[in-house]
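Engineer: how would this look folded up:
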Amino acid sequence: MTALKYFTQDRNRYIMKKEYVFGFIVSFGLAAIAIAGIWINELSITWILGILSVLCFISIWLKQVIIDLDKKEFVIKSGLINAPVHIPLKDFQNFELIRTKQYLITINTSLNICYLKNGEEKYAILSQGFTSSKMQNIANEIDEILSSYEYPGKI
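Structural biologist: Sure, this is the predicted structure:
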């Protein structure tokens, strides 16, 4: 296996490195609009977007993606309130890459994992960013990690 770019290895656990750029851009954008709310004397905008900016900033540190090969599961924690999602490797189906465009400009690209839970297809977000090439590289690295483990499923 080649050197890992997006994950760190701790025995048979692979922990995704924190992604700061996308979250910081969103947080600072909200903060800038909140500051503009002071300038135009709209304190309700300032309070609402200021609080959202802080919450978005905090959620950057709470996001966590772990591939635990000993327990044979993915552990995904995103958001402030949501509990971590435990996805057994046997329930893993595939990845889904979603690109959102607004007026020919890509504003968001997300990599989701598709899995089965009680016979129903569910999704959990693995990563967000601006380029689909980075999301594809993350999916390829996960495929490489699972291949080294000799995971029998296909990605």
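
Engineer: ok, the residue lying closest to residue 69 once chain neighbours are set aside - contacts?
Structural biologist: Once flanking residues are discounted, residue 69 sits nearest to residue 12: 4.1 Å by CB to CB, 6 or more residues apart in numbering. C-betas here are computed from N, CA, C, even on glycine. For residue 12, the contacting residues are 68-70, by CB atoms under 8 Å, 6 or more residues apart in numbering.

Engineer: do residue 87 as well
Structural biologist: Here residue 87 is in contact with 73-76, 113, 115, 124 (criterion: CB under 8 Å, 6+ apart).

Engineer: same thing but at 10 Å, please
Structural biologist: 67, 73-76, 93, 113-117, 122, 124 (CB atoms under 10 Å, 6 or more residues apart in numbering).

Engineer: Redo the residues you listed as a markdown table? Include secondary structure, pLDDT and neighbour count.
Structural biologist: A markdown table is the format used below for the contacts of residue 87 (DSSP: H, G, I helix; E, B strand; the rest coil; pLDDT from 0 to 100; neighbours: other CB atoms under 10 Å):
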| residue | secondary structure | pLDDT | neighbour count |
| --- | --- | --- | --- |
| 67 | strand | 94 | 25 |
| 73 | strand | 92 | 18 |
| 74 | strand | 94 | 24 |
| 75 | strand | 95 | 16 |
| 76 | strand | 95 | 22 |
| 93 | strand | 91 | 16 |
| 113 | strand | 94 | 23 |
| 114 | strand | 95 | 15 |
| 115 | strand | 93 | 21 |
| 116 | strand | 93 | 14 |
| 117 | strand | 91 | 11 |
| 122 | strand | 93 | 15 |
| 124 | strand | 92 | 17 |
